[in-house]
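Student: Starting from these lines, generate the structure:
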Amino acid sequence: MRAQAPRALWLVGLLSLAGCQHAAPVLAPDTASRLESTPGGYLAGEVVGLEDGAVLDRRDFVWTLAFSPESSRVAYSHLAAREYQLALWTLRPALARVADQGINSSDFDVEALAFSRDGSLLASAGWDGMVRLYDAATGALKASLRTEEPLTAVAFHPAGGYLVAGSEKGLLTVLRVADLGFSFEARPHTDRVSALVFAPDGTLYSGSWDKRIRVFDAREEAPRRDQARVRFERRGGFAVVGGTLNGKSPVAFALDARAPALVLGTQAAAAAGIDTPMLQETVSLPTALGATLARVARGQQLRLKGLALDGLDVAVCDACLPPGVGGVLGAPFAERVDVAFDDATGEAVLTLKAPAPVKQEERGLVLAPRTALTFEAHVNDVTLDAAGRRLGVAFSEPRAERNRTVYEREKKGLVEPPAEWNAAALVDAGSGQVLRKWTAHRGVVASAGISPDGRSLVSGGWDKQLYVWREGQESPVAERKFGWSVRRVRFSPDGRLVGVAAWTPQKASGTQESDPAAALFPVRYAAPTVER
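Tutor: The predicted structure follows:
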């Protein structure tokens, strides 16, 4: 009996939050016990329905949802009155909210959450370009990094040392988990990265609105440190790029080979750990008002993504800076680095003129392209079964962009007709063959979550519908109606739950509660077995 206590508490908590007074157990006690005692185990078999479960949010727009690998926690991002917030809940031994805290302002959507494979960390990625790492047990913020583009997807490598962030412009950036340091980047997509998922062996699947799922081998090797591609913008007659000094806060640098020195403003120098009043050496620099004496900090390090310059002398001078930048990369930089501009991607290509030798012990995660799976529709979501053999994919014929036309149609209550590629599908991960496709959704299919055993699929769309599909069956085995657009659907890694993130019609009066926006549904199987 003692072995069943945690399971019983969890089930009671789940059902009580849903308002269920009488409900039969979803799993037989012996199956539940076997599942809990099998590390990495999951339920397999014919899914026959969903039970009513817990509603975690009825007030806000919920954008995305993620389960921890051991299925003991769930996290979701939601739009509160003035900011996006991160909600973190435990599922066992009892359902309880651990944290609900701000992520960023309401101007920047947070569409990506992921737990590390060991369950210790939780990552968020948002349209402010920030990657944030949280303690997955407490929700405490541990680290953050601003990247150059709005972010729409994030995933941890299964070995735990790296994570990958995908951007709105098709860029994949690999970062070290330990310090969020740059490891590698590539731009394999021509449109938004909609999903990132790693197989247990480290294979990465990257889905995009460019109608492709690209497959990569991820491996550690000595990284290339003689070149970097960085975003630039033209501002006040200068090309401006972002870099970091001494591994501290990012700085906007103007490229100007005419300037006789590398220059930092006092604010940027302080952020880089330079104590300007204590500097003794000075250098004379020209300004619009004549020569000025700037204090010099020797032996600094500049990093522009994977390209690092050591032993730099930096002059600290506010009067020497063009408006709107924190520093200038002058002649000493131009002597060591060639700069070429790729206007097609908006990037500056920086190449060392005399590359420094790579340290033998220095290694990083590199993504090597394996293949591209091409489809006839936009890829909005990609998930992977436990064995890494099958993908669950959400497709749509139109781009999944909410515009005035979409809102007007919804306001009028107009329903889109069925379309061949507004679909949820099971796809062979190796060949890209569509094994089974379901087209019941009217309009954009926003999300598709595959079951751990690869035999079932849950899908959600802008038509407010959630469907559960089973291989070999035409009709859904379960469905739920929501108040507004369903944004994200997932099976828990152990197969016990389906989690849903949705928007809900918001209410400004009373309790402000509306239709479910974050919900958990226990999954019912005909004769479940436990696999791993």
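
Student: how about low-confidence regions in this structure?
Tutor: 1-25, 356-361 (pLDDT under 70).

Student: any idea how it splits into domains?
Tutor: 1-59+377-532, 147-223+364-374, 227-352 (automatic domain parsing).

Student: Quick one: these as CSV, columns for distance to Arg117 and mean neighbour count too.
Tutor: (Each C-beta comes from the backbone N, C-alpha and C, glycine too.) As requested, the domains of the chain are exported to CSV (distance: least, C-beta to C-beta, whole Å; neighbours: other C-beta atoms under 10 Å):
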stretch, distance to Arg117, mean neighbour count
domain 1-59+377-532, 10, 19
domain 147-223+364-374, 5, 20
domain 227-352, 24, 17
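
Student: With respect to Tyr134, which of the ones you listed lies nearest?
Tutor: For Tyr134, the closest of the domains of the chain is domain 147-223+364-374, at 12.1 Å, according to C-beta to C-beta.

Student: Can you report how many residues lie near the residue lying closest to Ala87 once chain neighbours are set aside?
Tutor: Ranked by C-beta to C-beta, 6 or more residues apart in numbering and with sequence neighbours excluded, the top spatial neighbour of Ala87 is Asp100, at 4.7 Å. Residues within reach of Asp100, counting by other C-beta atoms under 10 Å, total 15.

Student: I am assuming Asp100 contacts Glu83, so please confirm or correct that.
Tutor: No: Asp100 sits out of contact with Glu83 when judged by C-beta atoms under 8 Å, with a separation of 11.2 Å.

Student: ok, the residue nearest to Ala87 - contacts?
Tutor: Residues near Asp100 by C-beta atoms under 8 Å, 6 or more residues apart in numbering: 85-88.

Student: you'd agree it is in a strand?
Tutor: Yes: the assignment for Asp100 is a strand, going by DSSP: H, G, I helix; E, B strand; the rest coil.

Student: Which stretches in the stretch 101-250 of the chain count as helices?
Tutor: Under the criterion DSSP state H, counting those that start in this stretch, the stretch 101-250 of the chain contains no helices.

Student: thought Arg524 was touching Glu46?
Tutor: No: with contacts counted by C-beta under 8 Å, Arg524 stays clear of Glu46, the gap being 9.8 Å.

Student: Report the separation between the spatially closest residue to Gly126 that is not a sequence neighbour and Val131.
Tutor: Leaving aside its sequence neighbours, Gly126 sits nearest to Val110 (C-beta to C-beta, 6+ apart; 4.0 Å). In this view, Val110 and Val131 are 11 Å apart by C-beta to C-beta, to the nearest Å.

Student: Of the two, which one has the most company?
Tutor: More neighbours surround Val110 than the other of Val110 and Val131, with 26 against 22 (other C-beta under 10 Å).

Student: and Val263, bridged to which residues?
Tutor: Using DSSP bridges, the beta-bridge partners of Val263 come out as Ala315, Val328.

Student: That one contacts Asp318, doesn't it?
Tutor: No: counting by C-beta under 8 Å, Val263 stays clear of Asp318, with 9.2 Å between them.

Student: Please tell me how far Ala508 sits from Ser194.
Tutor: Going from Ala508 to Ser194 by C-beta to C-beta gives 32 Å.

Student: Break down the stretch 51-200 of the chain into its strands, ranges please.
Tutor: Counting by DSSP state E, counting those that start in this stretch, the segments of the stretch 51-200 of the chain that form strands are 54-57, 61-67, 73-79, 83-90, 96-105, 110-115, 121-126, 130-135, 141-146, 151-156, 162-167, 172-176, 182-186, 193-198.

Student: Minimum distance to Ala502: which of these has it?
Tutor: Of all those, strand 61-67 sits nearest to Ala502, with 6.0 Å by C-beta to C-beta.

Student: That closest one - contacts with which helices or strands?
Tutor: With contacts defined as 3 or more C-beta pairs under 8 Å, 6 or more residues apart in numbering; DSSP states H and E, the packing partners of strand 61-67 are strand 73-79, strand 110-115, strand 486-491, strand 497-502.
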